[in-house]
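1. For reference, the sequence and a predicted model appear below.
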Amino acid sequence: MSDALNRLDLLDLDSDLADDDRLMRDTVRKFANDRLRPHIREWFEDGTLPARELAQEFGALGVLGMHLHGYGCQGATASQYGLVCAEVEAVDSGLRSLVSVQGSLAMYAIYAYGSEEQKERWLPGMAKGELIGCFGLTEPDSGSDPGSMRTRAVRDGGDWIISGNKMWITNGSLADVAVVWARTDEGVRGFLVERGTPGFSAPDVHHKISLRASVTSELILDDVRVPDANRLPEATGLKGPLGCLTEARFGIVWGVTGAARDALAATLDYAGSRTQFGKPIAGFQLTQRKLAEMAVSLQQTQLTARRLGELKDAGRIAPHQVSFGKFANVRAALEICREARSILGGSGITTEYPVLRHAVNLETVYTYEGTHEVHTLILGSQLTGIDAFR
Ligand code: TGC
Ligand code: FAD
């Protein structure tokens, strides 16, 4: 571990890692530092990503759908998956999105709700990163309230005709298979729409100033015909897509600890070497107060992630507990990155340091996978028994 990372581990959490977990963490950390970190500024600034190439490299590393069992997936623990999310997001949230949309949203939807034939057809190639998936739930007029979706699927003999638009879909234009959620006469159902199906297109969203190292697209479904064999047979109602969100939100709880850790480590190094008024800025009490607050907050996010990992590995995690983690950790990570930026002064606003890049990425993370307000209301409902969404 670098000196700054060592110093940030005030509670010595690192020592408690099991050997297998440490090996996996260190392998992914090395890949992230050797293969991803040297290019991230360029990818972020240019708003491009060699996503197909990277998906195959993530696949070779075994991290795509790593917590699923069989079908070429390694059956890792939830906590190991979390450690991997943290190492990837320590480089950039957009790269973690590539991993989590593939494994926790697209692959998980097929794994949890698909037919045996659908699983055999898609999961092994997706685990290798040879096939890419996306997850289409959000629509232009239906974000926090997916129950209001307008995308509709209508039966036509042995087929379904799907019409509607999905918005803000990660990996949309790259995807070989889109998991599309649509309203039917029997309620919400999930469909697998393959790239190249007539009537289906996925133009990219441009001009993003957050999550620039990630592909974001619209999905346009203009009377797209798919056979009933492409319907996910086990997904009935909104709990289908919401179940996938619980998986992906768990990865985010861990992932953002990596972004915050990376920002804080860079800041600790900077504060020790930047001199003003004749001494390192790390020697001023005001700077030390900021560093102490941020370091304590970072470790609290890591403890929260670990606890949720324990609960998930014990098979007794509840959705509101994942909301606890998303609510607490994304807010804390965002605050750490913003405060860290202030310590870097003017240097903090460039991409020479990772700090503001992490902060602007976390603005998206604060909003996707359930906005901060949605998770506030989920916790409020759990505490009071009163639903305040409507
Ligand atoms: P509600 O009546 O509460 O629930 C409908 C049914 O679903 C069940 N359920 C869940 N099941 C599993 N996991 C969860 N987290 C669940 N939440 C609810 C619930 O028990 C019920 O089941 P049943 O059997 O009674 O039918 O539904 P609602 O319409 O009142 O909505 C509740 C609300 C607001 C919490 C939900 O709509 C919500 O979470 N909204 C936020 C939408 C969201 O997060 N979208 C994310 C899109 S994907 C994305 O952002 C990917 S970003 C890329 C990346 O991850 O990197
Ligand atoms: P809205 O729902 O319109 O919310 C706007 C504001 O109103 C928020 O502050 C919200 O909290 C608040 N608000 C809404 N309802 C309430 C309420 N009841 N009480 C209090 N406040 C409320 N979606 C996918 O399906 N798949 C993806 O792969 C995907 N990837 C994404 C990638 C990026 C880069 C981004 C930015 C988004 C992505 N999303 C994806 C969409 C994301 O999930 C939505 O942006 C999110 O759910 C919020 O929806 P919205 O943007 O329509 O905001």
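-> Everything's here; your move. Ligands and ions are numbered 1, 2, ... in the order given.
2. Show me what the strand or helix carrying residue 84 is packed against.
-> According to DSSP states H and E, residue 84 maps onto helix 78-89. Helices and strands touching helix 78-89, by 3 or more Cβ pairs under 8 Å, 6 or more residues apart in numbering; DSSP states H and E, are helix 19-31, helix 93-100, helix 239-273, helix 285-313. (Glycine included, C-beta is placed from N, CA and C.)
3. Just send those back as a markdown table, with mean neighbour count and mean pLDDT too.
-> Converted to a markdown table, those look like this (neighbours: other Cβ atoms under 10 Å; pLDDT from 0 to 100):
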| stretch | mean neighbour count | mean pLDDT |
| --- | --- | --- |
| helix 19-31 | 16 | 97 |
| helix 93-100 | 28 | 98 |
| helix 239-273 | 24 | 98 |
| helix 285-313 | 17 | 98 |
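4. Just put the ones you listed in JSON lines and tack on distance to residue 51.
-> Listed next are the helices and strands packed on helix 78-89 as JSON lines, based on distance: least, Cβ to Cβ, whole Å:
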{"stretch": "helix 19-31", "distance to residue 51": "16"}
{"stretch": "helix 93-100", "distance to residue 51": "6"}
{"stretch": "helix 239-273", "distance to residue 51": "17"}
{"stretch": "helix 285-313", "distance to residue 51": "26"}
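5. where does whichever residue of the stretch 51-200 of the chain sits closest to ligand 2 fall, phi/psi-wise?
-> The stretch 51-200 of the chain approaches ligand 2 most closely through residue 143 (1.9 Å), counting by Cβ to the nearest ligand atom. Dihedral pair for residue 143: phi -110, psi -80, per degrees, to the nearest 10.
6. roughly how far apart are it and residue 371?
-> According to Cβ to Cβ, to the nearest Å, residue 143 and residue 371 sit 8 Å apart.
7. And residue 78, by the same measure?
-> 24 Å.
8. quick one, which of those two is more surrounded?
-> Shown here are residue 78 and residue 371; by other Cβ atoms under 10 Å, residue 78 has more neighbours (22 against 15).
9. what sits against the more buried one?
-> 67, 250, 309, 312, 313 (Cβ atoms under 8 Å, 6 or more residues apart in numbering).
10. what's the distance between the nearest residue to it once chain neighbours are set aside and residue 81?
-> Leaving aside its sequence neighbours, residue 78 sits nearest to residue 312 (Cβ to Cβ, 6 or more residues apart in numbering; 3.8 Å). Relative to residue 81, residue 312 is positioned 9 Å away (Cβ to Cβ).
11. Isn't the residue nearest to residue 78 up against residue 247?
-> No. Between residue 312 and residue 247 there is no contact under Cβ atoms under 8 Å: 9.3 Å.
12. Please name the spatially closest residue to residue 63 (chain neighbours excluded).
-> Residue 63's closest residue in space is residue 84 (Cβ to Cβ, 6+ apart), at 5.1 Å.
13. The one you found contacts residue 65, correct?
-> No. Look at residue 84 against residue 65 with Cβ under 8 Å: they stay out of range, at 11.5 Å.
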